[in-house]
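>>> any chance you can model this:
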Amino acid sequence: MTAPEQRPDNGASPQEVAPTPPGDTGTWRRLSAEPSASSAKPPGPVAGGVYRFTDNLSLRARLTLIYGMLFFAAGSLLVLLNYIIVAGLLDNLNFTMPNTAPAELEEYKTEWIEMVLAEVTRFSVIALVIVGLLAVGLGYFVAGRALSPLHKITHIARRLSERSLHERIALDGPDDEIRELADTFDGMLERLDRAFDGQRRFVANASHELRTPLAINRTLLEVALSDPDASADLKTVGRTLLETNSRHERLIDGLLFLAKSDRELDVRTQVDVGEVVESVLSQLTEELEKSDVTLRTDLRGAGVIGDPVLLERLVANLMENALRYNVSGGEITVRSGIYENSPAVQVENSGPVIAGYEIEGLFEPFRRASGDRVKSGRSAGLGLSIVRSVVRAHGASVSVWPRQGGGLVVTVRFPGEHRDASASPAR
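Next up, the predicted model:
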């Protein structure tokens, strides 16, 4: 396969990934060049315009730092007060030495007091440093114990965001601010769980109530068109109504699937993205053969955790979008495998020239290129909207940019670092 064309300059210099091994049929396209470690900029300033080194510290470290600073400040004040008290007590002492002149006695007293104060200060500072270090270590331990409920809340919240909303924090302990936070979070989860359950029931009911009348209409129209005594005008009207009915069925199926893909994942299994792409291509074999589009593939195995049905719908929508909005004699390139240490799927197709500022609008429901929101016989305008919803449900990311000469390059990257599975045979 010929090397892919370079993307047009849109402010970020294009960059290809490392050369592929022998036998590879293509290279991945990158959205933009990432800055190297040497060119990375330091952390930006805070809202006040001043950068503080504590901004990169954890809450536990900041609490320990604050506790240590307060302890050393209080200890320093204690050493100062101790110095003043001891100096006052020593100054009130009466020294008597036989056969000693008063001037010599006063000079000896002064030297002795200074020596005692110096020793007291030295040992006080040493004790302050030793006890202060022990206090900082103890403060770090106590801060960790105090923040452990917050770590539990964060861990459970992260797990719930990835899986389901049925679990609760149910934090045990004293009725303090952290317990109040956990109870508030549990209440929010309860309301969200009820809302998602209501959405599931709505989608199930809407699926039945909306599809049944359209299926009945389609059956009646097909029966009418099969009547040999039907007039030509009646058949023309029947075919028009049948096409309109079919469009409404596609629209309802797309809306219901969009509502389903916007929810959390009900199924999580190990899926090979290479096998998903091969399955979709086998289903589109007839449509690909009828078109005059050249198909190129570079399919490699990469495992992801997700819903196989949603992943298959994602790839199918990308392929159908690439077919519908292609040009005569165009081409489609499909890649799957590991891209920047992450499982990924990329679909690149020729087509009309699309401006960069129009790309974000393509992910909105019923939106097509050039801001076209009118009805189209080719699709319901939900393809990329469903793709974005499936991507969000899997915690993945999607990058889209215009292809040089027209068309799009769509790259979906899934979370996690994975190694190449056994390479699938490239078509």
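>>> check the protein for its longest helix and report it.
Taking DSSP state H as the criterion, the chain has its longest helix at helix 102-162.
>>> could you point out the helix or strand that follows that one?
helix 177-225 (DSSP states H and E).
>>> so for that following helix, mean pLDDT?
Taken as a whole, helix 177-225 has an average pLDDT of 80.
>>> before we move on, the earlier item: what packs against the longest helix of the chain?
helix 59-91, helix 177-225 (3 or more Cβ pairs under 8 Å, 6 or more residues apart in numbering; DSSP states H and E). For every residue, glycine as well, the C-beta is placed using N, CA and C.
>>> okay, angle between it and helix 59-91 too, please.
170 degrees (axes from the mean of the first three to the mean of the last three Cα atoms, to 10 degrees).
>>> and the helices and strands packed on helix 102-162 as a markdown table, adding distance to Leu311?
Putting the helices and strands packed on helix 102-162 into a markdown table (distance: least, Cβ to Cβ, whole Å) gives the following:
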| stretch | distance to Leu311 |
| --- | --- |
| helix 59-91 | 38 |
| helix 177-225 | 19 |
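>>> nearest to Asn99, of those?
helix 59-91 (23.5 Å; Cβ to Cβ).
>>> what residues sit buried inside the closest one?
Arg60, Leu63, Thr64, Leu65, Tyr67, Gly68, Phe71, Phe72, Gly75, Val79, Val86, Ala87 (16 or more other Cβ atoms under 10 Å).
>>> contacts only, for the nearest residue to the last one once chain neighbours are set aside.
Computed as Cβ to Cβ, 6 or more residues apart in numbering, the closest residue to Ala87 that is not its neighbour in sequence is Leu117, at 5.8 Å. Neighbouring residues of Leu117 by Cβ atoms under 8 Å, 6 or more residues apart in numbering: Tyr83, Val86, Ala87, Leu90.
>>> hang on, isn't the third one packed against Ile113?
Think Ala87. Yes - look at Ala87 against Ile113 with Cβ atoms under 8 Å: they come within range, at 7.1 Å.
>>> Val223 - how many residues pack around it?
Here the number of neighbours of Val223 (other Cβ atoms under 10 Å) works out to 10.
>>> for the helix or strand hosting Pro343, name the packing helices and strands.
For Pro343, the host element (DSSP H and E) is strand 342-349. Here strand 342-349 touches helix 273-283, helix 308-324, strand 331-339, strand 408-413, going by 3+ Cβ pairs under 8 Å, 6+ apart.
>>> what angle separates the shortest one from helix 308-324?
Going by the same axes, to 10 degrees, strand 408-413 is angled at 170 degrees with respect to helix 308-324.
>>> what does strand 408-413 contact?
So strand 408-413 is contacted by 7, 28-29, 31, 314, 318, 322, 339-340, 342-349, 351, 354, 359, 387, 391, 396-403 (Cβ under 8 Å, 6+ apart).
>>> quick check: mean pLDDT of it?
91.
>>> domains in the protein, by residue range?
53-162, 177-261, 269-413 (automatic domain parsing).
>>> could you export those domains as JSON lines, including distance to Leu171?
Listed next are the domains of the chain as JSON lines, based on distance: least, Cβ to Cβ, whole Å:
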{"stretch": "domain 53-162", "distance to Leu171": "6"}
{"stretch": "domain 177-261", "distance to Leu171": "4"}
{"stretch": "domain 269-413", "distance to Leu171": "26"}
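>>> of these, flag the one that's most buried.
domain 269-413 (a mean of 19; mean count of other Cβ atoms under 10 Å).
>>> starting at the chain centroid, how far to that domain?
20 Å (Cα atoms, centre = their mean, to the nearest Å).
>>> assign a three-state SS to the residue of the chain positioned farthest from its centre, would you?
What lies farthest from the middle of the chain is Asn99; by Cα atoms, centre = their mean that is 88.8 Å. Three-state call for Asn99 (DSSP: H, G, I helix; E, B strand; the rest coil): coil.
>>> ok, it to Leu105 distance?
10 Å (Cβ to Cβ, to the nearest Å).
>>> ditto for Leu78
Taking Cβ to Cβ, one finds Leu78 at 33 Å from Leu105.
>>> ok, Leu80 next?
29 Å.
>>> before we move on, the earlier item: show me what the helix or strand that the strand holding Pro343 is followed by is packed up against.
Next helix or strand after strand 342-349 toward the C-terminus (DSSP H and E): helix 383-393. Packing partners of helix 383-393 (3+ Cβ pairs under 8 Å, 6+ apart): helix 232-261, helix 308-324, strand 397-402, strand 408-413.
>>> which strands or helices does the first one pack on?
It refers to helix 232-261. So helix 232-261, by 3+ Cβ pairs under 8 Å, 6+ apart, packs with helix 177-225, helix 308-324, helix 383-393.
>>> what angle do the second one and strand 342-349 make?
Here helix 308-324 runs at an angle of 30 degrees relative to strand 342-349 (the same axes, to 10 degrees).
>>> and what of the longest one?
With the same axes, to 10 degrees as the basis, helix 177-225 and strand 342-349 are set at 40 degrees to each other.
>>> tilt between the helix or strand bottoming out on mean pLDDT in the chain and helix 308-324?
Lowest by mean pLDDT, DSSP states H and E among the helices and strands of the chain is helix 232-261, with a mean of 76. The directions of helix 232-261 and helix 308-324 differ by 130 degrees, with the same axes, to 10 degrees as the criterion.
>>> return the distance of helix 232-261 from the chain's centre.
36 Å.
>>> orientation of it relative to helix 383-393 in degrees?
20 degrees.
>>> tell me the one of the buried residues of helix 59-91 nearest Ser124?
Val79 (4.6 Å).
>>> so what's that closest one up against?
Counted by Cβ under 8 Å, 6+ apart, Val79 has contacts Thr121, Ser124, Val125, Leu128.
>>> good, we can wrap up now.
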